[in-house]
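1. My questions concern the predicted model and sequence given below.
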Amino acid sequence: MTDLTRLFAADLSARLTSGDVSSVEVTQAHLDRIAAVDGDVHAFLHVSADALDSAAAVDADRAAGKPLGELAGVPIAIKDVLCTLDMPSTSGSRILEGWVPPYDATVVARLREARLIPLGKTNMDEFAMGSSTEHSAYGPTKNPWALDRIPGGSGGGSAAAVSAFEAPIALGSDTGGSIRQPAAVTGSVGVKPTYGGVSRYGAIALASSLDQVGPVSRSVLDAALVHDVIGGHDPRDATSIPDAWPSMAAAARAGQSGDALKGVRVGVVKELEGEGFQAGVKQRYHETLDLMAAAGAEIVEVSAPNFEYAIAAYYLILPAEASSNLAKFDSVRFGLRREVAGGTVEDVMAATREAGFGPEVKRRIILGTYALSAGYYDAYYGSAQKVRTLIQRDFAAAFEQADVLVSPSAPTTAFKFGEKMSDPLAMYLNDVTTIPANLAGVPGMGLPMGLAPEDGLPVGLQIMAPAREDARLYTVGAAVEQLLEAQWGGPLWTQAPALT
Amino acid sequence: MSEITPERVAHLASLARIALTDDEIEQLTGELGAIVDAVATVQRVATPDVPATSHPIPLTGGMRPDEVGQTLTTEQALAGAPDHDGSRFRVTAILGEEQ
């Protein structure tokens, strides 16, 4: 009998449509898998009590011949940063423990309209600040490839859920790499769309000018199918791009056609390899570039000299925006309140925020408050915004020479728990490859490109395209995926260790 | 050399309304000093001729039609509050006794 948890969302869709399986069966299989392995993996903070009812309703509508979308009846995991009417939404923080929002995020509402089955909420670094899930207030998620290693962050829960076969697809959010870096270290696919391509309404804000919601999956086509459901203009998000978008799924299918890489100019970003990059990451990266060249891609070296300053700019802009966004946790309207005998409302706020925020959140709020304070604003926040302009110019120049840019998704494979917790700066450097795309608003995809020879752990390839050209990522990504899988004899995840 | 001192961290924490402990202030002073020194490198290339970018994708006219739509009920808005009286959020006294 087929293990329903090992199928792509696209395959589940085909089987559901043909009546081969029911959504109840598919959903039950994933709930069983969660029950079997999530005690070890800890990808989920909350498992939905309504999933089987939602699945039964889809099965009934299908039996009645009602029109249903392509992913109707397919289960999906949702990062806890996204507001859900029927499930707690904590963003990995103690300050929102047990909070059930009064509305759905737009992306969640779109999943429900398309009749996907929310399986539950996935773990993350608190308020999406981190690269390992070690900053979750509810304990870390483990990497399904090696349980003593981090699953990446902040969206380690969504990536682990997908790579441990607890969900075929998931939603994540990416402010500086929180979709792409976890995808890299868990051997999954993740996409950060063009800024404004997917609604941020109901995504608990970290840094509003950088945050984007996007798909996590085990194949490029599955990511595209999810992107088509959640993407497009939302009048509730003033930064949402009002354009019509092409079908990402059609773009991915075009990439599977065989000659999709012919004549594509692939820009290798000189600054995104070299020092600090693990040997096995570099080896798989260059093998993948050779494979792309053999398939007709034109490999060109491009330089982006200001990427060197991206992390510095990011760790000024992000804390500045986060310190403003997190001011709403004031113990009045939602979340935790810590009473202070005889204290004023300000004493209560300060005691609540002391008790409810973890160390990384406090660190970034204080840093952001400093960067925005009178006398320092121009030197820090103002300078960081100028670097943002320079990085956009670097991208513009690079895209004159290349149709897509590539780099490793992350400089190393998954590191061990505790390795970078005592040194915040070392943790920040892990985002060197992913941050430039957020600063410039361009879309980026991470997909597996093999296992590092020295440790047998997954390595990710990042592909970036100009703003609004997300479809190009899916075409190129699907083509590369097909070349690699032909070499491996199947998807990379077929080599993942068994968890039970 | 960073200008982060324990006194400055304590002041920033009071601005940010976080009642840090003395141990936290001490630890953050060291950590923030190192982080500020690292991020200050942006000043090397942020010359006066470079304009600032605040948003990656410039959009204008992001207004939606002024239409009556669905909003939260009072009950929904209060549902997640730590304390309320049925129609309003209830907070600790904002003004002292003498005021």
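-> Received the coordinates, thanks. Numbers count the residues shown, from 1 in each chain, chains lettered A, B, ... in the order given.

2. going forward, measure contacts between C-alpha atoms and count neighbours the same way
-> Fine.

3. mind listing the helices for the stretch 251-400 of chain A?
-> Applying DSSP state H, counting those that start in this stretch to the stretch 251-400 of chain A gives helices spanning A:279-294, A:310-325, A:345-356, A:359-371, A:383-401.

4. Might you calculate how far the shortest one sits from the centre of the chain?
-> Per C-alpha atoms, centre = their mean, to the nearest Å, the displacement of helix A:345-356 from the mean C-alpha position of its chain is 31 Å.

5. show me what contacts the most centrally placed residue in chain B?
-> By C-alpha atoms, centre = their mean, the mean C-alpha position of chain B lies nearest to B:Ala16, the distance being 6.6 Å. Counting by C-alpha atoms under 8 Å, 6 or more residues apart in numbering or on different chains, B:Ala16 makes contact with A:Ser323, A:Ala327, A:Ile365, A:Ile366, A:Thr369.

6. and those residues, which two are the farthest apart?
-> A:Ala327 and A:Ile366 (11.7 Å; C-alpha to C-alpha).

7. So for these two, which sits in the more crowded spot?
-> For A:Ala327 versus A:Ile366, the count of surrounding residues by other C-alpha atoms under 10 Å in any protein chain shown is larger for A:Ile366: 27 against 13.

8. Verify the stated contact: that one with B:Ser14.
-> No. A:Ile366 lies out of contact with B:Ser14 (C-alpha atoms under 8 Å); the separation is 9.6 Å.

9. Just the strands from the stretch 151-300 of chain A, written as ranges.
-> A:169-174, A:189-192, A:212-217, A:265-269, A:298-302 (DSSP state E, counting those that start in this stretch).

10. pull the helix or strand with minimum mean pLDDT from chain A.
-> When each helix and strand of chain A is scored by mean pLDDT, DSSP states H and E, helix A:424-429 comes last, with a mean of 85.

11. Show me the shaky parts of chain A.
-> A:1 (pLDDT under 70).

12. With B:Ala19 as the reference, measure out to the residue in it sticking out farthest from the centre.
-> Using C-alpha atoms, centre = their mean, the residue of chain A lying farthest from its centre is A:Gly342. It sits 44.3 Å away. Here A:Gly342 is placed at a distance of 16 Å from B:Ala19 (C-alpha to C-alpha, to the nearest Å).

13. what does B:Ala40 give?
-> B:Ala40 is 27 Å from B:Ala19, by C-alpha to C-alpha.

14. got the contact list for the least confident helix or strand of chain A?
-> A:Gly130, A:Ser131, A:Ile311, A:Lys420, A:Met421, B:Glu31, B:Ala34, B:Ile35.

15. can you rerun that using 10 Å?
-> Under the criterion C-alpha atoms under 10 Å, 6 or more residues apart in numbering or on different chains, residues A:129-132, A:176, A:276, A:311-312, A:314-315, A:360, A:363, A:410-411, A:419-421, A:435, B:31-32, B:34-35, B:38 lie in contact with helix A:424-429.

16. Show the buried residues in those.
-> With neighbours counted by 16 or more other C-alpha atoms under 10 Å in any protein chain shown, these contain buried members at A:129-132, A:176, A:311-312, A:314-315, A:360, A:363, A:410-411, A:420, A:435, B:31-32, B:34-35, B:38.

17. what's the neighbour count on A:Arg184?
-> That one is not Arg; residue A:184 is Ala. Neighbours of A:Ala184 (other C-alpha under 10 Å): 33.

18. List the backbone torsions phi and psi for the closest residue in space to A:Pro408 that isn't next to it in sequence.
-> Once flanking residues are discounted, A:Pro408 sits nearest to A:Leu461: 4.6 Å by C-alpha to C-alpha, 6 or more residues apart in numbering or on different chains. Backbone torsions of A:Leu461, given as degrees, to the nearest 10, read phi -100, psi 130.

19. same question, B:Ser87
-> With angles defined as degrees, to the nearest 10, B:Ser87 sits at phi -130, psi -10.

20. Could you pull up the residues touching A:Ser257?
-> Taking C-alpha under 10 Å, 6+ apart, one finds A:Thr475, A:Ala478, A:Ala479, A:Gln482 in contact with A:Ser257.

21. how about JSON lines for those, with secondary structure added?
-> What follows is the contacts of A:Ser257, written out as JSON lines (DSSP: H, G, I helix; E, B strand; the rest coil):
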{"residue": "A:Thr475", "secondary structure": "helix"}
{"residue": "A:Ala478", "secondary structure": "helix"}
{"residue": "A:Ala479", "secondary structure": "helix"}
{"residue": "A:Gln482", "secondary structure": "helix"}
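
22. So which of those residues is the closest to chain B?
-> Set against chain B, the nearest of the contacts of A:Ser257 by C-alpha to the nearest C-alpha is A:Thr475 (23.0 Å).

23. ok, the closest one touching A:Leu261?
-> Yes. Using C-alpha atoms under 10 Å, A:Thr475 is in contact with A:Leu261, at 8.6 Å.

24. got any residues that touch both of these two?
-> Common neighbours of A:Thr475 and A:Leu261 (C-alpha under 10 Å, 6+ apart) are A:Gly255.

25. Just among the contacts of A:Ser257, which is most surrounded?
-> Highest neighbour count within these, by other C-alpha under 10 Å: A:Ala478, with 27 neighbours.

26. Would you mind measuring from the closest residue to it other than its chain neighbours to A:Val264?
-> Take A:Ala478 and drop its neighbours on the chain: the residue closest to it by C-alpha to C-alpha, 6+ apart is A:Gly255, 5.0 Å away. Relative to A:Val264, A:Gly255 is positioned 12 Å away (C-alpha to C-alpha).
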